[in-house]
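> Coordinates for the following, if possible.
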Amino acid sequence: MTLIGMLHHRKDPRTVIKSYAYAIVAKAEGADFVYFSPGCVNLVTKRIHGYVYEKGEWKEQTVPFPDVIYNTGSPEKLAKAKSVIQKLKETIPFTTHSIGNKWNVAERLKEGKEFASYLIPTKTIKSSNDIFHFMNAFSNVIVKPIDGRKGQGIYFIQTDGSEYVVNKDSTDIRYSQAQLSSFFDPLFKKNTFIIQPYICSKTKAGLAYDFRLHVQKDGDGKWVVTTIYPRVAPEGTIVTNINNGGYTNYLAPFLKQEFSKEEAFNIKRKLEHFSLSLARHLDDLQMREYQEVIDEIGVDVGLDQDQKIWIYEVNWRPGCPPAFYLEMDVVKNGIHYALYLAKNKDKIKKEIQQKKKKELDINKIPIVAITGSAGKTTTKAFVSSIFKTRMNIFESKDYWNTTEHTKKHRDAIDSTHEAIVLEYGMAYPGVITEHCEIIQPNMSIVTNIGMAHIGNFDGDIRGIAHAKSELIHGMKQNGVLFINADDDNSRYLETEEFQGKIITTGIKKNADYRAYDVAYTESGMTFKMVLHNDEHQFFIPIFGEHHVYNALNAIATADYLGFSPLEIKSGLLFRKPPRRMTIYHLKDSITMIDDTVHSHPQAVMAAIDVLKNIAPARKIAILGQMRELGDLRDAQYQKVGEYLAEQNVDLIITYGYRADAIGAGAIAASFPEEAVKHFLDKDKMHEYVQEILQEKDTILIKGASKTNMFDTVAFLDNIYGLK
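The predicted model follows:
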C-alpha cells in the first residue's frame with residue numbers, strides 16, 4: 001500500500017484539525033497515512049517516528065519513509081528544519097511547495113507575463129510618504145501586511161480633501177496628514193506592509209465583495225475547480241474575510257441577484273477559465289523556475305465596474321471552503337493527487353527536467369533607447385518603473401549612458417529579461433550610432449534637442465539634432481519613435497525616411513499624448529490626459545513641468561505596449577534619480593532644492609520655474625557653471641540671468657569661472673545689483689550663504705556635475721540638518 005506522510009510544523013496531530021480528515025480519507029482510498037513533524041525524522045535509518053490514526057485515536061508508531069509527502073504547516077516554521085526537509089525532498093516527492101507571500105507571488109506572475117495584467121499595482125511601503133504619493137495617484141488605497149492572513153491588519157484609506165479617513169475593523173477614524181504619519185510610521189518600522197489602489201467591487205446594496213477561486217489537482221494530476229464562491233463584507237468595511245464578519249453565498253444565486261442572466265453566465269465561465277488557467281500557469285512557473293510542483297491554490301479576485309478581473313491575493317494552502325460538503329472534496333482531491341504523485345513520480349520528474357527557461361529572443365521584446373539634451377535619466381526611470389509593474393526588466397544603471405556602459409549592459413542582459421530600457425548619451429557625432437550597433441532598439445524616445453554639448457557642434461543646434469537623429473537611423477526601422485511636439489528644435493530631427501510609427505507627446509501643442517491642467521501639489525505634479533477616450537488624472541512625485549514631459553514619454557511608451565492606466569499610475573510613483581529635483585526640508589522651515597547632476601540653460605530655467613512655484617517666501621538661486629556651451633556661453637548665461645529677473649528671484653549667487661555673466665544678465669534686466677553675488681572660492685560662498693539665510697527661505701542649487709555643487713548641498717545639510 002502507498003504510505004502518505006503529512007508533514008506539519010506541529011508535533012501533535014490533535015492540534016491540527018484537518019489531520020483527522022486526511023487520515024480517514026486516506027484509509028478509505030486504500031492508503032496508509034502517517035502524521036509527522038521534522039523532529040520525528042531519522043535520516044540515518046530512513047524511518048519516521050510519527051502518528052497513525054487507528055480506532056478513533058492517534059497512536060505513536062515508527063514507519064519507513066513515506067512514498068509521498070503532503071506538505072502542510074507554516075513554511076516559516078518548517079524553515080527551521082530546512083536541512084531535514086531538503087534531505088526528504090531528494091528522495092520523496094512532495095505534493096506541493098510554498099509559493100511565498102503576497103509579494104513573492106506577484107513577482108512570479110510578473111515574470112510569467114501572461115497574468116501580469118491582472119495584478120493590482122502593488123508596492124512595499126517605506127514610510128507614510130508612500131501612502132500620500134499613492135493617494136495622489138489613486139485617491140482610495142489599501143494598506144496591508146505582506147504576510148497577512150485571514151483579513152487581519154487591512155486598512156482602507158480615503159480622503160475628503162482636508163482629512164484622511166482610515167477604515168479598519170468596520171471603524172472609521174479621521175486623521176490629519178501629520179496624525180496619519182504618526183500612526184503608520186511606527187507600524188512600518190516593525191513590519192513590512194504593501195499598498196494597492198482600491199478596486200471597487202460592490203453589490204447592488206453597496207457592500208464590498210470578492211470571489212474565492214479554489215482549485216486543486218485531482219487523481220489524474222489535472223487541475224480542477226473545487227469551488228468558486230463570493231465573499232461579501234459586512235456594512236462599513238471592505239474586508240470580506242469570514243474571520244472579520246464577512247459572509248459567503250453560493251455562486252449561482254449571487255450572480256443571478258447581481259447581474260443579468262447573460263452577464264451571470266459569462267462571469268461564471270470567465271471565473272472558471274481564469275482559475276484553471278492561472279493554476280496551470282503558476283504550476284508551470286514553479287516547475288520551470290524551481291523544479292517543484294504545487295497542487296492547490298486559493299485565488300481572491302475582484303471585478304471592477306468593467307467586469308475586468310483583478311487578482312487580490314494568491315494563497316498557498318487556502319483554508320477549506322465554508323460549505324459542509326466541500327471540506328471533504330478538498331481532502332479527497334488532496335489524497336487522490338498524493339496517490340497519483342507516488343505512482344508517477346518518475347514521469348513528473350522527467351516533465352520538470354524538460355521545463356527550461358526560454359532563450360532570450362531579443363527581437364521579440366521591447367528595447368527602449370532614450371536620448372535627448374535633457375530628461376534622459378528621469379524618462380528612463382519613469383519607463384522602467386511602469387514596466388516593472390508587470391515585467392522583469394533590464395535598465396541601464398543610474399547615469400550609465402556611454403558606449404562602454406552599453407557594452408557592459410549587452411553582456412548583462414539574459415533570458416529572464418522581458419524588456420530593456422537604456423539611456424544613450426552622446427557628446428560628439430557618431431556616438432549614438434555606436435550605441436545602436438551594440439544594442440539596436442525597436443522603441444526610441446528623443447526627449448528634446450537643447451544646448452547640452454553645443455560647444456562641440458560649433459554652436460549649431462542643427463548639429464545636435466543631426467547627432468540625435470543617429471538614434472532614428474540606427475533603431476529598427478519598423479519600430480516606434482516618440483518625439484516632443486512642443487520642442488521647436490525637434491523639427492530638425494531626421495524623420496523623413498523612417499519607416500516605423502512616430503508618436504508625439506506634448507502639453508502646449510496638439511500631440512498624440514497631450515497633458516493638460518498641469519499643476520503643482522505639495523509633493524509633486526498632477527496633470528490630466530485622455531487615454532482611449534477616458535480622462536485620467538496622473539501624479540508624479542517630482543516637481544517641474546519639464547518632468548511632466550518625461551512622464552509623458554513613459555505614459556506613451558507604456559500605453560502603446562498595452563499597460564493599463566492603473567499600472568501606469570502606479571509606475572509613475574517611481575524611485576527618483578538621485579540629485580534630481582530632490583527636496584530637503586531643513587531647520588527653520590528652510591527648503592533646499594538639490595538639482596546638481598548636470599546643468600545647461602534649459603534645465604536651469606526649468607529648475608527656476610520649480611523654485612518660483614514652491615517657494616513660500618524668499619527665493620535664492622545658487623548656480624554654478626554650465627559646461628560645453630562654446631562661443632554661446634556668455635549669451636546663454638545672459639539669457640539665464642534675464643530669466644531669473646523675470647521670475648522675481650530674490651537673491652542670485654553664482655560660482656565658478658565666467659558664471660558671473662549670469663548675474664550681469666540679471667542686472668541688465670533691472671535686477672537689483674546688491675542682490676547678486678559671485679564667488680570663485682566655494683568656502684567663502686558657503687560663509688556668505690550661512691550669513692544671509694533666513695527662516696522660510698527656499699534655495700535652488702544647480703550646476704554642472706564637474707563644479708561639484710553638491711558640496712553646497714552637503715554644507716547646508718551639515719549646518720542646518722534635516723528636520
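
> Going by C-alpha atoms from here, please, whenever you check contacts or count neighbours.
OK.

> the domain parsing of the protein - what is it?
Each structural domain of the chain that the record assigns through automatic domain parsing is listed here as a residue range: 3-91, 102-120+202-354, 123-197, 367-571, 582-720.

> how far out from the middle of the chain is the shortest one?
Okay, so that is domain 123-197. Taking the mean C-alpha point of domain 123-197 and that of its whole chain, the gap between them comes to 17 Å (C-alpha atoms, centre = their mean, to the nearest Å).

> looking at this protein, which helix or strand does the model trust least?
Considering only helices and strands, the least confidently modelled element of the chain by mean pLDDT, DSSP states H and E is helix 102-112, at a mean of 69.

> hang on, the earlier thing: could you dump the domains of the chain to a markdown table with mean neighbour count?
Output for these, formatted as a markdown table (neighbours: other C-alpha atoms under 10 Å):
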| stretch | mean neighbour count |
| --- | --- |
| domain 3-91 | 17 |
| domain 102-120+202-354 | 18 |
| domain 123-197 | 17 |
| domain 367-571 | 20 |
| domain 582-720 | 19 |
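
> on contacts alone, who are the packing partners of the longest helix anywhere in the chain?
In the chain, with assignment by DSSP state H, the single longest helix is helix 261-290. On a contact count with 3 or more C-alpha pairs under 8 Å, 6 or more residues apart in numbering; DSSP states H and E, helix 261-290 meets helix 102-112, strand 209-217, strand 223-232, helix 251-258.

> Neighbouring strands of the helix or strand that the first one is followed by in the sheet, and parallel or not?
Which is helix 102-112. On the C-terminal side of helix 102-112, the nearest following helix or strand under DSSP states H and E is strand 123-124. Strand 123-124 has the following strand partners under DSSP bridges: strand 193-197 (antiparallel).

> Let's test this: mean pLDDT of the partner strand, rounded?
Model confidence over strand 193-197 averages 91 on the pLDDT scale.

> Return it as PDB; C-alpha atoms alone will do.
The C-alpha trace of strand 193-197 is given here as PDB (Å, rounded to 0.1, in the frame of the first residue of the first chain):
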ATOM      1  CA  PHE A 193       3.400  46.400   4.600                       C
ATOM      2  CA  ILE A 194       2.300  46.800   1.000                       C
ATOM      3  CA  ILE A 195       0.000  49.400  -0.700                       C
ATOM      4  CA  GLN A 196      -2.500  49.000  -3.500                       C
ATOM      5  CA  PRO A 197      -5.200  51.100  -5.200                       C
END
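
> ok, residues contacting it?
Strand 193-197 is contacted from outside by 120-125, 131, 134, 138-146, using C-alpha atoms under 8 Å, 6 or more residues apart in numbering.

> ok, the closest residue to G506 other than its chain neighbours - contacts?
Distances taken as C-alpha to C-alpha, 6 or more residues apart in numbering place R514 nearest to G506, at 4.9 Å, with adjacent residues excluded. Going by C-alpha under 8 Å, 6+ apart, R514 touches 505-507, 529-530, 552.

> Is I652 part of a helix or strand, or is it coil?
Taken by DSSP: H, G, I helix; E, B strand; the rest coil, the conformation at I652 corresponds to strand.

> So, low pLDDT: which residues of the stretch 201-350 of the chain?
By pLDDT under 70, the low-scoring segments of the stretch 201-350 of the chain are 243-244, 323-326.

> at 90 what do you get?
In the prediction, the stretch 201-350 of the chain carries residues with pLDDT under 90 at positions 201, 233-250, 281-293, 304-308, 312-329, 348-350.
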